[in-house]
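[1] here are the coordinates; sequence isn't available:
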């Protein structure tokens with residue numbers, strides 16, 4: 001049986017708890033690896049190693065030399081892409097076509113973008129007058145924030161972990177990372193990558209475990225951690241924020257979403273259907289950016305529902321490596337039970353099921369996996385649980401609207417504010433509606449088209465802070481002003 005180990009101070013090692021937990025393939029429900037759980041003392045050793053590395057060879061690298069090492073990490077991920085792909089699929093069950101096109105390449109791209117950005121980052125200078133006429137010069141300078149605690153979720157394990165590790169390292173920080181207990185494998189593989197390219201011991205560390213009473217709690221509570229970045233569920237983010245307030249440590253929180261899509265009657269209907277299929281069902285709906293609320297202008301409501309339902313029914317579950325597979329399983333049986341509970345709530349509330357609503361027949365080979373059907377509802381009230389609460393599965397509810405004002409109101413009537421989509425051919429409407437939507441990112445006539453230099457994050461219960469481009473650098477550095485009297 002494959003073992004997934006902690007990575008501390010440049011070495012792989014068991015956890016001192018002596019406890020192991022299973023990594024399960026969501027497609028089959030079978031254990032594919034055992035994972036060493038880190039103890040509080042293991043986390044302490046990892047944090048101490050990271051603190052020591054802050055003043056070692058890592059700190060002596062020039063900005064250009066550090067950027068070159070970060071670029072080398074990206075190249076090494078590319079060289080090992082088949083290994084990363086196999087591990088990602090085993091942990092998540094997602095189709096190979098998705099993981100090979102998005103997750104693994106983006107894992108490398110995250111390092112490249114931030115390596116380039118830190119090398120070319122410009123600072124500001126402000127000349128000023130002084131009473132004696134000699135003048136003074138103020139200029140800004142950045143330094144690493146210190147030891148960064150990184151906690152990432154299970155839905156996009158490599159992509160979201162490297163989205164945080166890459167800027168942290170590029171800015172000269174050191175890292176202690178805790179991947180989700182559901183998907184530990186690709187983060188652990190990064191240890192080999194770091195060693196291969198010569199990253200000094202202690203700069204990057206990985207501890208495995210759970211949240212309360214395990215590695216996650218030990219990491220967030222550790223006073224040697226200078227800042228915490230977390231992507232995941234809103235209640236967990238709230239708990240981390242409370243812990244981080246002791247010591248006034250910085251936090252970056254990218255949390256949940258209940259994202260809306262507005263489909264106007266003047267849209268390209270075919271493109272809107274195809275795009276909403278992607279935004280609803282990609283990764284079996286297990287993406288914080290996925291659409292769970294679709295609002296369609298009444299004149300095209302019936303046509304959209306009919307076409308959208310047919311497209312959802314055409315999605316094919318199956319073995320990840322099968323080219324015909326277009327949708328994977330949910331991450332775990334526990335999560336499947338949560339999603340299925342919303343199927344029951346929708347039925348109790350009188351929903352019309354356009355497609356799905358149950359568990360698909362995937363054959364004996366995959367029968368132990370955590371499968372659910374892509375599911376579309378209509379006819380529910382806005383305050384019903386399936387419409388108001390984040391399901392985080394392959395589901396959405398479609399409702400009609402009659403005016404632009406109503407569409408905006410419906411989209412904003414949520415405690416979340418992560419993402420939104422607008423489908424329209426009217427450019428003036430796109431510019432008019434988009435700024436009024438209470439979301440951190442709005443796509444028009446597309447979905448999940450990402451430029452890694454742009455700000456990413458949510459408002460309301462969808463998070464605190466922004467990631468991406470210089471917005472990430474603001475979090476991972478301390479900026480200071482230096483005043484030179486002439």
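    Received it, and whenever you're ready, just let me know what you need. Treat the numbers as computed from the prediction; the structure is a model and nothing was measured.
[2] confidence score at the residue nearest to the spatial centre of the chain?
    Nearest to the mean C-alpha position of the chain, counting by Cα atoms, centre = their mean, stands residue 160 at 4.4 Å. The model reports residue 160 with a pLDDT of 98.
[3] Spit out the contact partners of it.
    Each residue near residue 160 by Cβ atoms under 8 Å, 6 or more residues apart in numbering is listed here: 152, 153, 231. Backbone N, C-alpha and C define where each C-beta goes, glycine included.
[4] any idea how far it is from residue 150?
    According to Cβ to Cβ, to the nearest Å, residue 160 stands 10 Å off from residue 150.
[5] doesn't residue 111 make contact with residue 162?
    Yes. Applying Cβ atoms under 8 Å as the test, residue 162 and residue 111 come out as touching, 6.5 Å apart.
[6] Turn the contacts of residue 160 into JSON lines, including pLDDT and distance to residue 306.
    Output for the contacts of residue 160, formatted as JSON lines (pLDDT from 0 to 100; distance: Cβ to Cβ, whole Å):
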{"residue": "152", "pLDDT": "97", "distance to residue 306": "39"}
{"residue": "153", "pLDDT": "97", "distance to residue 306": "35"}
{"residue": "231", "pLDDT": "96", "distance to residue 306": "36"}
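[7] Keep only those of the residues you listed that are in helices.
    Nothing among the contacts of residue 160 maps onto helices, per DSSP state H.
[8] Closest one of the residues you listed to residue 435?
    Closest approach between those and residue 435, by Cβ to Cβ: residue 231, at 25.6 Å.
[9] Quick check, that closest one in contact with residue 150.
    No. With contact defined as Cβ under 8 Å, residue 231 does not reach residue 150; the gap is 9.2 Å.
[10] Mutual contacts of the two, please.
    residue 164.
[11] Between these two, which is the more surrounded one?
    Neighbour comparison, residue 231 and residue 150: the larger count goes to residue 150, with 29 against 25 (by other Cβ atoms under 10 Å).
[12] how much space between the residue lying closest to residue 476 once chain neighbours are set aside and residue 240?
    Leaving out its chain neighbours, the residue that sits closest to residue 476 by Cβ to Cβ, 6 or more residues apart in numbering is residue 171, at 4.2 Å. Going from residue 171 to residue 240 by Cβ to Cβ gives 21 Å.
[13] can you check residue 112 too?
    29 Å.
[14] Comparing these two, which residue is more hemmed in?
    residue 240 (24 against 20).
[15] Now do the contacts for the more buried one.
    151, 220, 228, 230, 251, 253.
[16] among these, which ones are buried?
    Buried members of these, scored by 16 or more other Cβ atoms under 10 Å, are 151, 220, 228, 230, 251, 253.
[17] TSV please, covering these and showing distance to residue 25.
    Shown next, in TSV, are these (distance: Cβ to Cβ, whole Å):
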residue	distance to residue 25
151	23
220	29
228	30
230	26
251	33
253	30
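[18] and which of those residues is nearest to residue 145?
    Using Cβ to Cβ, those come closest to residue 145 at residue 228, 10.8 Å.
[19] now that closest one, what's its secondary structure?
    Here residue 228 is recorded as strand under DSSP: H, G, I helix; E, B strand; the rest coil.
[20] Could I get the pLDDT score of the closest residue in space to it that isn't next to it in sequence?
    Leaving aside its sequence neighbours, residue 228 sits nearest to residue 149 (Cβ to Cβ, 6+ apart; 4.4 Å). Per-residue pLDDT puts residue 149 at 98.
[21] What helix or strand is residue 149 located in?
    strand 147-151 (DSSP states H and E).
[22] in its sheet, what does that strand sit against?
    strand 174-178 (parallel), strand 227-231 (parallel) (DSSP bridges).
[23] Single out the most deeply packed of these.
    strand 174-178 (a mean of 29; mean count of other Cβ atoms under 10 Å).
[24] Could you point out the helix or strand that follows that one?
    Counting by DSSP H and E, what follows strand 174-178 is helix 185-197.
[25] Perfect, that will be all.
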